[in-house]
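Engineer: Only the shape, not the letters, is given here:
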């Protein structure tokens with residue numbers, strides 16, 4: 001098979017990063033009119049409808065879900081698709097898209113911390129310092145530059161909800177790392193989306209009727225279509241291609257651009273204000289993640305689901 005130009009792959013990965021960053025903007029627009037449950041159901045359901053034929057076409061002999069795989073799909077669907085996305089959309093009802101994206105950028109480091117417990121990976125002094133550095137960046141953003149206010153619990157609850165969601169996303173990342181060798185990324189992802197939609201169907205139907213979501217305009221539904229197609233399906237496809245062509249380490253570095261692009265898009269399309277504490281906090285978080293990746297022996301392929309979609 002002919003290898004793609006690395007410059008073409010870099011461009012595609014930047015495009016995928018742009019799509020992932022745009023997910024925060026689309027989600028913020030969506031939560032104005034639709035409930036977190038309904039948004040999660042629609043996004044995952046549409047993504048499953050798109051990915052399922054691709055799965056059947058690419059894995060003609062192995063696309064069926066085996067009974068032994070059911071527990072794995074249920075775990076990833078509940079933790080990563082339902083759990084994370086409910087926190088994600090709920091957080092955006094109370095906090096800004098830029099804050100949410102910066103807090104979410106700590107995911108690789110939280111995953112590394114959890115891996116020391118669940119996977120038995122060693123946590124060196126360097127990693128501990130970088131984790132503390134990233135945590136300081138998050139707290140700096142949450143407290144708007146006044147770290148003392150954390151003692152008074154005076155911070156936006158949306159930021160705290162997003163931090164809880166990021167923790168769940170990290171747990172999902174640990175699960176994915178264990179399960180993907182047994183099922184493959186495409187099969188696991190597709191069925192996780194599908195099971196998420198099926199499990200949420202009764203709750204989403206209730207919300208749809210109760211909130212009269214059928215009366216809202218087309219904008220929130222366009223936001224759902226964007227989230228399902230661009231960051232999820234297209235972003236996933238580009239990500240997997242990049243892992244094959246330039247390797248997981250180089251591909252994962254693009255994730256560090258997500259909070260930067262999300263913040264720029266939030267200023268342009270949502271009119272969000274950016275303050276000095278955003279720059280300082282983001283610099284601490286991104287620097288910690290980059291330094292963690294440099295020279296790390298535990299670098300791993302970024303799997304679908306480890307990037308906000």
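Structural biologist: That came through fine. Given the structure is predicted, the values throughout are model-derived calculations rather than measurements. Residues are numbered from 1 along each chain as shown.
Engineer: what's the closest residue to residue 183 other than its chain neighbours sitting at in phi/psi?
Structural biologist: Nearest residue to residue 183 in three dimensions, chain neighbours excluded: residue 69, at 5.8 Å (C-beta to C-beta, 6 or more residues apart in numbering). Yep, even glycine has a C-beta here, placed from its N, CA and C like the rest. Note on residue 69: its backbone torsions stand at phi -90, psi -10 [degrees, to the nearest 10].
Engineer: same check, this time on residue 271
Structural biologist: According to degrees, to the nearest 10, residue 271 has phi 70, psi 20.
Engineer: where does it land on pLDDT?
Structural biologist: Each residue has a pLDDT score; the one for residue 271 is 94.
Engineer: Same question for residue 143.
Structural biologist: At residue 143, pLDDT is 83.
Engineer: Show me where the chain has its helices.
Structural biologist: For the chain, helices defined by DSSP state H occupy the ranges 6-30, 36-58, 70-76, 84-91, 97-104, 107-118, 125-142, 157-183, 185-210, 219-227, 235-246, 248-253, 258-265, 276-293.
Engineer: Excluding sequence neighbours, find me the nearest residue to residue 217.
Structural biologist: Nearest one to residue 217, counting by C-beta to C-beta, 6+ apart, is residue 33 at 7.6 Å.
Engineer: Then residue 87?
Structural biologist: Nearest residue to residue 87, sequence neighbours excluded (C-beta to C-beta, 6+ apart): residue 165, at 2.9 Å.
Engineer: and if you look at residue 229?
Structural biologist: residue 50 (6.9 Å).
Engineer: list the contacts for that neighbour?
Structural biologist: By C-beta atoms under 8 Å, 6 or more residues apart in numbering, the contact set of residue 50 is 228-229, 233.
Engineer: How about residue 265?
Structural biologist: By C-beta under 8 Å, 6+ apart, the contact list for residue 265 reads 21-22, 24-25, 97.
Engineer: Residue 160 against residue 141, yeah?
Structural biologist: No. Judged on C-beta atoms under 8 Å, residue 160 makes no contact with residue 141 at a distance of 11.7 Å.
Engineer: which of the two has more neighbours?
Structural biologist: Here residue 160 and residue 141 are compared on neighbour count by other C-beta atoms under 10 Å; more neighbours surround residue 141, at 27 against 17.
Engineer: Against residue 208, how distant is the nearest residue to residue 261 once chain neighbours are set aside?
Structural biologist: Leaving aside its sequence neighbours, residue 261 sits nearest to residue 21 (C-beta to C-beta, 6+ apart; 3.6 Å). Using C-beta to C-beta, to the nearest Å, we find residue 21 at a distance of 28 Å from residue 208.
Engineer: okay, these two: which has more neighbours?
Structural biologist: Counted by other C-beta under 10 Å, residue 21 and residue 208 do not tie: residue 21 has more neighbours, with 23 against 17.
Engineer: Distance check, that one against residue 186.
Structural biologist: 24 Å.
Engineer: now residue 211
Structural biologist: Distance from residue 211 to residue 186, by C-beta to C-beta: 34 Å.
Engineer: who has more neighbours, those two?
Structural biologist: The neighbour comparison of residue 211 against residue 186 (other C-beta under 10 Å) goes to residue 186, with 19 against 15.
Engineer: check contacts around the spatially closest residue to the more buried one that is not a sequence neighbour.
Structural biologist: Excluding the flanking residues, the one nearest residue 186 by C-beta to C-beta, 6+ apart is residue 55, at 5.6 Å. By C-beta under 8 Å, 6+ apart, residue 55 lies in contact with 63, 186-187, 190.
Engineer: nearest to residue 29, of these?
Structural biologist: Using C-beta to C-beta, residue 190 is the member of these that lies nearest residue 29, at 26.3 Å.
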